[in-house]
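Undergrad: take this sequence and fold it.
(2 chains)
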Amino acid sequence: MSETILMAEAMKQTVASMLRGIERYNPDNLPTLERYVEIQSLENAYDLEANLAILKLYQFNPHLFNEDITCQILLKALTNLPHTDFIMCKCLLNETQMSDEIIQIIYLADILEQCEFQLFWTRIHILPELIQRITGFLDSIRKFVCHVVGITYQTIERSNLAQLLGDVDDSTVNAWVKKYGWKNQGNLIFIANQDENIKTKNINEKIDFENVGAIMASCH
Amino acid sequence: MDNYEQGYNNDNNYDDYGAHTGDPNLDNEYRHYYSIPDFVNNFLSYFRNCVKEGLVFELQTLYEQSWPKITEDYFEKTPWPEESDVAALVGSDPIFMILYKELYFRHIYARIQGGPTLEQRFRSFFNYCDLFNYILSAEEPVPLELPDLWLWELIDEFIYQFQSFAQYRARLQKKTEDEIKDLNANNRLWNVLCVLNVLHSLVDKSHIKEQLEVYASGGDPDSVSGDFGKHSLYKMLGYFSLVGLLRLHSLLGDYYQAIKVLENIEVHKKSQYAHIPACQISTSYYVGFAYMMMRRYSDAIRTFSSILLYIQRTKQMFVSKSYQHDQINKQTDQMYHLLAICLVLHPQCIDESIQQTLREKNYHEKMYKMQCGDLQEFEYCFTSACPKFVSPCPPSTESPEGDYSKNAIKRQTIIFMDEVKQQKMLPTIRSYLKLYTTLPLSKLATFMAQNSRHNDGKWDLDKEMQSLIIHLLCFKHKMKNVVWSKGASGLEGKFQSGSELDFYIDDDMIHIADTKVAHRYGDFFIRKILKFEELNRKLHQIKI
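TA: Coordinates of the predicted model:
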């Protein structure tokens, strides 16, 4: 494993130099960049900037468009939710590139963005081959689920959380609870003390003497 | 490049493409009787001398005042004198001729009905090539000084003409066979890579990125500027090219690069580079737009309100320069539209005087419609305020006849509307939550079900609860966005809930936190005081 991790790491520098200045638009770099995407999928690494550069090269050179790589880039973008990477990728695609597979991925993004997690899990179970190549894909989505749960709940019912995580078993729930430092409280899970961050704000106007000094001076 | 020009002159009768009437016979006649008015003659000679001697202040007046004035008086709907006539007048001066032609073509793009012909588009492109070759391929900085406003408008126009060509190229209907032939023979002209290449070369040559980095950290930019970047011409062209790249990337839908290219530029801060209002306004427009598309509403709202405030305060300054005024007015209106969209999706406190304008003008009604979920209104506001997107690759001339120029804008509109649709339930939820400080989930679910038009009064509480929780999660997710607070790149930032209403769920109870803004009196009284003073002064002046 440590050897493969070196691959994405080692490529990072080479790739970064391919993205500087006008060199970013050189289609000769595409094979290297595409290989970099495969490695990202394999090693659960991620480089948004390089992936966007590929989509831009496809935009400039439609005959070089590679649907398979594009799908991987889109799926990788989903693994970085709640960031809006997916939207940025989507904005670089054009209508001629909308294959069935890409439309399917856009649909997945759509339901994830609406937090329809249960629908997402049913959907993904019937499409296992779509995400097979993306190492750690499902756990990345679970991370996103935990992010949303983390900002929404103070306490959540245990069964509810299990459902949001894709009907996972008890030990898996426990693993995620532990990872985020949440606490088991019987059939409830304590997430965090939200009332410290989320409280009513009152904005009052403060005018002190210095603020009005100038205008008072001019009104003699 | 040479091949092209030769080929053109050999194969075609030049006058067929004349710019005056479109009718060759008329044109010849017109040419025959036409001579440049003396006044214009004198102006051009003087203009040329000022360029030659580098009298920047004088050039500024000529560029900002005399040229538009003479255009109004003599060339309101006709082109300026032809290159050959001017060349005969000012003698051999290639640099002045390039600059003259830049203005000449710009005028054709802006004022001549029917727009430039294909041949004029090509000639303008070659003129830009000549200009940039002259500036970029020199061994040492070229002895040319131009007013900064001119340099900004030059870069801005260069990108505008690229955009205009891409739109023109994508309209495959109504093209003659000759035009198609010409397009195919010259498919590298106005190519996106050429444009990118020019902008990147200007950025590199001027070391502007290094200069900005040093400047941002409080150092002296000249210490890294190199021989070229010290010169105002190179330095400012470099800076404007960065803004040009921002615009170009935005036109292509690449919002990440759009924001990234402005690293080390703090959009809201005054700096030695930020003294051209039109450039500042354009920068904020594209930055704000990119943020909006990236769902960084707080950043978009901050960007728009800050520049709109600036425009509000400095409006008087622009009035005298009418041609800039139109452009600024248009962009201002677009930004109010975009701000309105952002505030509907992400309600947030903004400056009182901007709020006032939104209330007074007809934005208010549009915002109300959008809040009620009127998707058409969203789409209308978006399409009237978004940039004119282009596809970098034109449709093949073999494609079926048709108008492809709207494809890019359609694509971006669909993506934006997808986002709006994902958020369609949030305003309803927000309106309920605003009424409470705590609210049981089941109660809100009941409200939502009763409010829904789809269930004929029959509904199941469990199901309603389930879909409510999805909407609530979606609410939290969509309202928590990356917000910039510090750092060289506008892409940086932390997740924050910037919207005025927030909540959390504790088991089956929703706890709501709202932002309450007390009435503000300061601004109100200051405005009244000033008004009163003004009135008082006027009364004193009245002599009976």
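Undergrad: when you work out contacts or count neighbours from here on, use the C-alpha atoms and nothing else.
TA: OK.
Undergrad: does chain B sit close to the longest strand seen in chain A?
TA: When chain A is parsed with DSSP state E, its longest strand is strand A:153-157. Yes - Strand A:153-157 lies within reach of chain B by C-alpha under 8 Å from any C-alpha of the partner chain, at A:Y153, A:Q154, A:T155, A:I156, A:E157.
Undergrad: now those residues in a markdown table, with neighbour count and pLDDT?
TA: Conversion of the residues of strand A:153-157 next to chain B to a markdown table gives the following (neighbours: other C-alpha atoms under 10 Å in any protein chain shown; pLDDT from 0 to 100):
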| residue | neighbour count | pLDDT |
| --- | --- | --- |
| A:Y153 | 25 | 91 |
| A:Q154 | 22 | 90 |
| A:T155 | 25 | 90 |
| A:I156 | 22 | 91 |
| A:E157 | 18 | 90 |
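Undergrad: which SS class is B:A488?
TA: For B:A488, the secondary structure call by DSSP: H, G, I helix; E, B strand; the rest coil comes out as coil.
Undergrad: now do the contacts for the residue lying closest to A:N202 once chain neighbours are set aside.
TA: Once flanking residues are discounted, A:N202 sits nearest to B:K516: 4.7 Å by C-alpha to C-alpha, 6 or more residues apart in numbering or on different chains. If you count contacts by C-alpha atoms under 8 Å, 6 or more residues apart in numbering or on different chains, B:K516 has them with A:T200, A:K201, A:N202, A:I203.
Undergrad: so the last one makes contact with B:H519?
TA: The one in question is A:I203. No - using C-alpha atoms under 8 Å, A:I203 is not in contact with B:H519, being 9.1 Å away.
Undergrad: quick one: which of the residues of strand A:153-157 next to chain B is nearest A:L92?
TA: A:Y153 (35.2 Å; C-alpha to C-alpha).
Undergrad: quick one: residues contacting the closest one.
TA: A:Y153 neighbours (C-alpha under 8 Å, 6+ apart): A:I191, A:A192, A:Q194, B:Y504, B:I505, B:D506, B:D507.
Undergrad: which of the contacts of B:K516 has the most neighbours?
TA: A:T200 (17 neighbours; other C-alpha atoms under 10 Å in any protein chain shown).
Undergrad: all helices of the stretch 1-150 of chain B, in order?
TA: Remark: helices assigned in the stretch 1-150 of chain B by DSSP state H, counting those that start in this stretch are B:2-11, B:24-33, B:38-53, B:56-61, B:67-74, B:83-90, B:94-111, B:118-136, B:148-170.
Undergrad: tell me which of the ones you listed sits nearest to B:S399.
TA: Nearest to B:S399, of the helices of the stretch 1-150 of chain B and by C-alpha to C-alpha, is helix B:148-170 at 10.3 Å.
Undergrad: for that closest one, C-alpha coordinates in PDB please.
TA: Provided in PDB are the C-alpha atoms of helix B:148-170 (Å, rounded to 0.1, in the frame of the first residue of the first chain):
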ATOM      1  CA  ASP B 148      -3.900  53.200 -18.200                       C
ATOM      2  CA  LEU B 149      -7.600  53.500 -19.200                       C
ATOM      3  CA  TRP B 150      -6.600  52.800 -22.800                       C
ATOM      4  CA  LEU B 151      -4.500  49.800 -21.800                       C
ATOM      5  CA  TRP B 152      -7.500  48.400 -19.900                       C
ATOM      6  CA  GLU B 153      -9.900  49.000 -22.700                       C
ATOM      7  CA  LEU B 154      -7.500  47.400 -25.100                       C
ATOM      8  CA  ILE B 155      -7.300  44.100 -23.200                       C
ATOM      9  CA  ASP B 156     -11.000  44.200 -22.500                       C
ATOM     10  CA  GLU B 157     -11.800  44.800 -26.200                       C
ATOM     11  CA  PHE B 158      -9.400  42.100 -27.300                       C
ATOM     12  CA  ILE B 159     -11.500  39.600 -25.200                       C
ATOM     13  CA  TYR B 160     -14.700  41.100 -26.300                       C
ATOM     14  CA  GLN B 161     -13.800  40.600 -29.900                       C
ATOM     15  CA  PHE B 162     -12.900  37.000 -29.200                       C
ATOM     16  CA  GLN B 163     -16.200  36.500 -27.600                       C
ATOM     17  CA  SER B 164     -18.000  38.300 -30.500                       C
ATOM     18  CA  PHE B 165     -16.200  36.100 -33.000                       C
ATOM     19  CA  ALA B 166     -17.100  32.900 -31.200                       C
ATOM     20  CA  GLN B 167     -20.700  33.900 -31.200                       C
ATOM     21  CA  TYR B 168     -20.500  34.900 -34.800                       C
ATOM     22  CA  ARG B 169     -18.800  31.700 -35.700                       C
ATOM     23  CA  ALA B 170     -21.400  29.600 -33.900                       C
END
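Undergrad: now for it, which elements pack on it?
TA: helix B:118-136, helix B:192-206, helix B:232-251 (3 or more C-alpha pairs under 8 Å, 6 or more residues apart in numbering or on different chains; DSSP states H and E).
Undergrad: tell me the mean pLDDT for it?
TA: Across helix B:148-170, the average pLDDT comes to 90.
Undergrad: mind listing what's buried in the helix or strand following that helix?
TA: Using DSSP states H and E, the helix or strand that follows helix B:148-170 towards the C-terminus is helix B:177-185. By neighbour count on 16 or more other C-alpha atoms under 10 Å in any protein chain shown, the buried set for helix B:177-185 is B:L183.
Undergrad: I'd like to know how many residues surround A:C91.
TA: Around A:C91 there are 22 residues (other C-alpha under 10 Å).
Undergrad: for whichever strand or helix holds A:R35, buried residues please.
TA: Per DSSP H and E: A:R35 is located in helix A:30-43. Buried positions in helix A:30-43, judged by neighbour count with 16+ other C-alpha under 10 Å: A:L30, A:L33, A:E34, A:Y36, A:V37, A:E38, A:I39, A:Q40, A:S41, A:L42, A:E43.
Undergrad: quick check, stretch A:82-102 touching chain B?
TA: Yes - Stretch A:82-102 lies within reach of chain B by C-alpha under 8 Å from any C-alpha, at A:P82, A:H83, A:T84, A:I87, A:M88, A:K90, A:C91, A:L92, A:N94, A:E95.
Undergrad: so what's the third one up against?
TA: Contacts of A:T84 were listed using C-alpha under 8 Å, 6+ apart, and they are B:M294, B:R295.
Undergrad: give me the pLDDT for it.
TA: Value for A:T84, per-residue pLDDT: 94.
Undergrad: same check, this time on the fourth one
TA: Note for A:I87: predicted pLDDT of 95.
Undergrad: for the closest residue to A:K201 other than its chain neighbours, give me its contacts.
TA: Distance criterion C-alpha to C-alpha, 6+ apart; nearest residue to A:K201, sequence neighbours excluded, is B:T515 at 4.6 Å. Contacts for B:T515 (C-alpha under 8 Å, 6+ apart) come out as A:T200, A:K201, A:N202, A:I203, B:E500, B:L501.
Undergrad: redo that, cut-off 7 Å
TA: A:T200, A:K201, A:N202, B:E500, B:L501 (C-alpha atoms under 7 Å, 6 or more residues apart in numbering or on different chains).
Undergrad: out of the residues of stretch A:82-102 next to chain B, which comes closest to B:H325?
TA: Distances from B:H325 to these, taken by C-alpha to C-alpha, are shortest for A:C91, at 31.7 Å.
Undergrad: the closest one and B:Y255 touch, don't they?
TA: No - taking contacts as C-alpha atoms under 7 Å, A:C91 lies outside contact range of B:Y255: 8.3 Å.
Undergrad: for chain B, what are the nearby residues on chain A?
TA: By C-alpha under 7 Å from any C-alpha of the partner chain, the residues of chain A that approach chain B are A:21-22, A:59-60, A:84, A:87-88, A:91-92, A:94, A:114-116, A:148, A:151-157, A:194, A:198-205.
Undergrad: among the buried residues of helix A:30-43, which two are most distant?
TA: A:L30 and A:E43 (19.7 Å).
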